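**Student:** Here's my sequence, what's the structure:
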Amino acid sequence: MIWLLAPMLLVSTALFFEAYRSAREAADRAYDRVIAASVLAIADRVVTADGALDVDLPYVALEMLSTEDDDRVFYRVAEPDGALVTGYADLPPPPDGRLPAEDDPFFYDALYRGDLVRVGALTQPITGPGASGRFAVQVAQTRGQRDRLVRELATATATRFLVLVVLIGFATWLGVRFGLSPLARLRAALRQRSPYDLRPLDIAVPREVREVVAAIDDLMARLAKTLQVMERFISDAAHQLRTPLAALNTQLDLALRERDPQVLHESLLALRRSTWRTSRLARQLLNLARSNADGNCETDESLDFAVLVADVTRELVPAAMEKDIDLGFEQTGLQARVCADPVLLHELVTNLVDNAVHYCPPGARVTARVCTDPQAERVRLEVEDNGPGIPVAERPRVLERFYRIYGMNQEGSGLGLAIVRDVAERYGGTVNLCESETGGLLVRVDLPWAQPGQVVANV
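**Tutor:** From the prediction side, this is the model:
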């Protein structure tokens with residue numbers, strides 16, 4: 001209402017002053033015609049007698065200016081040299097101090113005997129023998145009546161503007177009240193909702209705020225997904241961490257009771273392995289929840305995927321050497337740039353390479369390979385091994401959370417490939433499992449190519 005009415009009041013105020021100025025000019029034009037008639041009537045009665053000016057003053061000309069109000073009328077007739085012929089000798093001249101030599105009356109405002117007066121003046125040439133020059137006629141009238149007329153017109157105009165502003169303000173208030181009433185219903189509906197009720201808003205609103213409601217619905221959908229991820233994370237963490245933590249507690253109790261230093265040392269080593277597995281499980285759970293959450297572009301950046309894969313491969317070399325596994329890295333094609341969260345991509349590559357090293361027998365061969373396809377605008381990561389592989393029927397299921405192949409003796413949480421799938425899908429990628437040429441497993445991860453570049457040397 002303030003933004004609507006304040007400009008209207010300013011415009012109305014400006015229009016009022018414009019109307020006041022116009023009313024004053026109109027009143028001056030009307031009254032100036034009467035003064036002009038009086039000036040001309042007096043000028044017509046100026047005659048020359050024996051070389052001197054004489055005036056047969058027509059009092060009718062002055063009576064035209066008489067009113068029922070207290071307005072007073074003054075006049076003056078002067079010879080060319082300024083000598084007074086008749087009238088008021090101290091009647092003020094124009095602002096520039098002299099009367100112009102014009103045959104038509106002209107007008108100006110002046111202060112005379114403490115009152116504002118409107119003066120009409122005229123100069124005309126003297127006609128007659130023995131005389132030359134231009135005589136002057138001035139008629140002045142106080143501004144009481146004309147100013148009173150201006151005030152009446154201005155008051156009427158101001159009253160109309162005020163009524164107009166009140167009516168428009170009332171109409172605006174009604175329009176705003178009824179136009180925004182759906183927002184009040186929207187507010188009430190939101191206040192009545194449970195914190196867990198994140199369904200879309202089914203409320204009719206004005207067209208101007210439909211985009212706002214759509215944005216609220218979108219926010220609720222993202223909040224619902226975030227809450228779902230949080231609830232699943234809490235459920236997974238409670239389910240998956242319960243057993244490892246209980247085992248840690250049991251191992252710790254046994255270690256505290258042990259008196260043999262050698263057995264105590266072995267217990268502590270087992271405790272350290274269990275702690276490492278529990279820590280890895282917690283990290284995987286966190287990364288799984290992070291990969292399932294809505295994309296946050298603030299953490300994404302353009303990076304060289306080949307460099308990241310090479311770094312991860314280099315980090316896992318000690319673990320591969322412990323099992324006598326030949327771990328290598330290859331790169332072909334153009335620079336492999338992708339736009340993603342570096343932490344999530346690091347986890348994706350770590351899970352793939354670590355799984356291959358973990359499940360392959362000693363003496364196996366594991367290769368991490370990065371290649372680019374400019375035509376498909378894709379960056380491909382391949383992790384190939386010659387280990388036991390995964391049966392065809394089991395390949396779709398190993399991408400699910402917590403799924404482990406029956407009869408598998410190796411330790412694991414069943415989260416590694418699930419994280420790989422979620423991270424790849426988060427950035428519009430795909431994951432495929434197939435058999436390698438050596439009979440093992442070949443995992444292909446395709447990601448969108450962020451920016452083509454130059455060839456990078458193999459590592």
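**Student:** what are the ranges of the helices in the stretch 151-300 of the chain?
**Tutor:** Using DSSP state H, counting those that start in this stretch, the helices of the stretch 151-300 of the chain run over residues 181-192, 210-257, 261-292.
**Student:** Give the rounded mean pLDDT of the last one.
**Tutor:** What that stands for is helix 261-292. Averaging pLDDT along helix 261-292 gives 69.
**Student:** Which SSE is immediately downstream of that helix?
**Tutor:** strand 301-304 (DSSP states H and E).
**Student:** what's the single longest strand in this protein?
**Tutor:** Assignment by DSSP state E gives strand 115-125 as the longest strand of the chain.
**Student:** Indicate each strand paired with that one and its parallel or antiparallel sense.
**Tutor:** strand 106-112 (antiparallel), strand 134-142 (antiparallel) (DSSP bridges).
**Student:** Could you dump these into a markdown table and include distance to Ser22, mean pLDDT and mean neighbour count?
**Tutor:** Quick note: C-beta positions are derived from backbone N, CA and C, even for glycine. Listed next are those as a markdown table, based on distance: least, CB to CB, whole Å; pLDDT from 0 to 100; neighbours: other CB atoms under 10 Å:
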| stretch | distance to Ser22 | mean pLDDT | mean neighbour count |
| --- | --- | --- | --- |
| strand 106-112 | 17 | 91 | 14 |
| strand 134-142 | 21 | 90 | 24 |
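**Student:** Of those, which is nearest Val166?
**Tutor:** Each of the strands paired with strand 115-125 was scored for nearness to Val166 using CB to CB, and the closest is strand 106-112 (36.1 Å).
**Student:** Find out how far the closest one is from the centre of the chain, if you would.
**Tutor:** Relative to its parent chain, strand 106-112 has a centroid offset of 59 Å by CA atoms, centre = their mean, to the nearest Å.
**Student:** Same question for stretch 420-433.
**Tutor:** Relative to its parent chain, stretch 420-433 has a centroid offset of 35 Å by CA atoms, centre = their mean.
**Student:** So for it, first residue to last residue, what's the gap.
**Tutor:** 12 Å (CA to CA, to the nearest Å).
**Student:** hang on, the earlier thing: wait, which of the strands paired with strand 115-125 is closest to Gly440?
**Tutor:** Taking the strands paired with strand 115-125 one by one with CB to CB, strand 106-112 is closest: 108.9 Å.
**Student:** Other residues contacting the closest one?
**Tutor:** Applying CB atoms under 8 Å, 6 or more residues apart in numbering, the contact partners of strand 106-112 are 28, 32, 35-36, 74, 90-92, 94-95, 100, 116-122, 140, 143.
**Student:** List buried residues within those.
**Tutor:** Burial by neighbour count, 16 or more other CB atoms under 10 Å: within the contacts of strand 106-112 this picks out 28, 32, 35-36, 74, 91-92, 117-122, 140, 143.
**Student:** what's the most distant pair in these?
**Tutor:** Taking CB to CB, no two of the buried ones among the contacts of strand 106-112 sit farther apart than Leu122 and Arg143, at 19.9 Å.
**Student:** Wait, a helix at Gln375?
**Tutor:** No - Gln375 is assigned coil when assessed by DSSP: H, G, I helix; E, B strand; the rest coil, not a helix.
**Student:** Compute the distance between it and Glu382, please.
**Tutor:** Distance, Gln375 to Glu382, using CB to CB, to the nearest Å: 18 Å.
**Student:** Same drill for the two, tell me which one is more crowded.
**Tutor:** Glu382 (19 against 6; other CB atoms under 10 Å).
**Student:** Show me how this protein divides into domains.
**Tutor:** 2-151, 222-291, 297-448 (automatic domain parsing).
**Student:** Dump the ones you listed into TSV; add distance to Arg177 as well.
**Tutor:** Output for the domains of the chain, formatted as TSV (distance: least, CB to CB, whole Å):
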stretch	distance to Arg177
domain 2-151	13
domain 222-291	32
domain 297-448	41
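**Student:** For Ala188, which of the ones you listed is the nearest?
**Tutor:** Comparing the domains of the chain by CB to CB, domain 222-291 comes nearest, at 20.2 Å.
**Student:** Look up how far Ile203 lies from the most centrally placed residue in the chain.
**Tutor:** In the chain, the centroid-proximal residue (CA atoms, centre = their mean) is Val212; its distance is 12.7 Å. Look at Val212 and Ile203: by CB to CB, they are 12 Å apart.
**Student:** coming back round to it: for Ile2, find the nearest of the strands paired with strand 115-125.
**Tutor:** Among the strands paired with strand 115-125, strand 106-112 comes nearest to Ile2, with 41.0 Å by CB to CB.
**Student:** Tabulate the CA atom coordinates of that closest one in PDB.
**Tutor:** Output in PDB follows, covering the C-alpha atoms of strand 106-112 (Å, rounded to 0.1, in the frame of the first residue of the first chain):
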ATOM      1  CA  PHE A 106       1.000  45.300 -20.700                       C
ATOM      2  CA  PHE A 107       0.800  44.100 -17.100                       C
ATOM      3  CA  TYR A 108       3.000  43.500 -14.100                       C
ATOM      4  CA  ASP A 109       2.700  42.900 -10.300                       C
ATOM      5  CA  ALA A 110       4.000  45.400  -7.800                       C
ATOM      6  CA  LEU A 111       3.800  46.400  -4.100                       C
ATOM      7  CA  TYR A 112       1.900  49.600  -3.500                       C
END
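**Student:** And for Gly179, the neighbour number?
**Tutor:** 13.
**Student:** Can you get me a residue count around Pro391?
**Tutor:** 10.
**Student:** So, low pLDDT: which residues of the chain?
**Tutor:** 51, 60-62, 64-69, 128-131, 229, 232-244, 276-299, 376, 401-414, 451-459 (pLDDT under 70).
**Student:** just the helices in the stretch 351-459 of the chain please.
**Tutor:** 416-426.
**Student:** And the strands in it?
**Tutor:** Counting by DSSP state E, counting those that start in this stretch, the stretch 351-459 of the chain has these strands, from start to end: 365-373, 378-385, 430-435, 441-448.
**Student:** Out of these, which gets nearest to Val176?
**Tutor:** strand 441-448 (48.4 Å).
**Student:** If we ignore the residues flanking it in sequence, what's nearest the residue nearest to the centre of the chain?
**Tutor:** Using CB to CB, 6 or more residues apart in numbering and skipping residues adjacent in sequence, the residue nearest Val212 is Val205, 8.0 Å away.
**Student:** so which of the domains of the chain is the most packed in?
**Tutor:** Per residue and on average, the most neighbours among the domains of the chain fall to domain 297-448, with a mean of 18 (mean count of other CB atoms under 10 Å).
**Student:** I'd guessed Pro80 sits against Pro125; true?
**Tutor:** No - the criterion here is CB atoms under 8 Å, and Pro80 misses it with Pro125 at 9.2 Å.
**Student:** Overlap in contacts, the two.
**Tutor:** Common neighbours of Pro80 and Pro125 (criterion: CB under 8 Å, 6+ apart): 133-134.
**Student:** before we move on, back to that, which stretch among the domains of the chain comes nearest Leu164?
**Tutor:** Per CB to CB, nearest to Leu164 of these: domain 2-151, 7.3 Å.
**Student:** what about the closest one, start to end distance?
**Tutor:** 30 Å.
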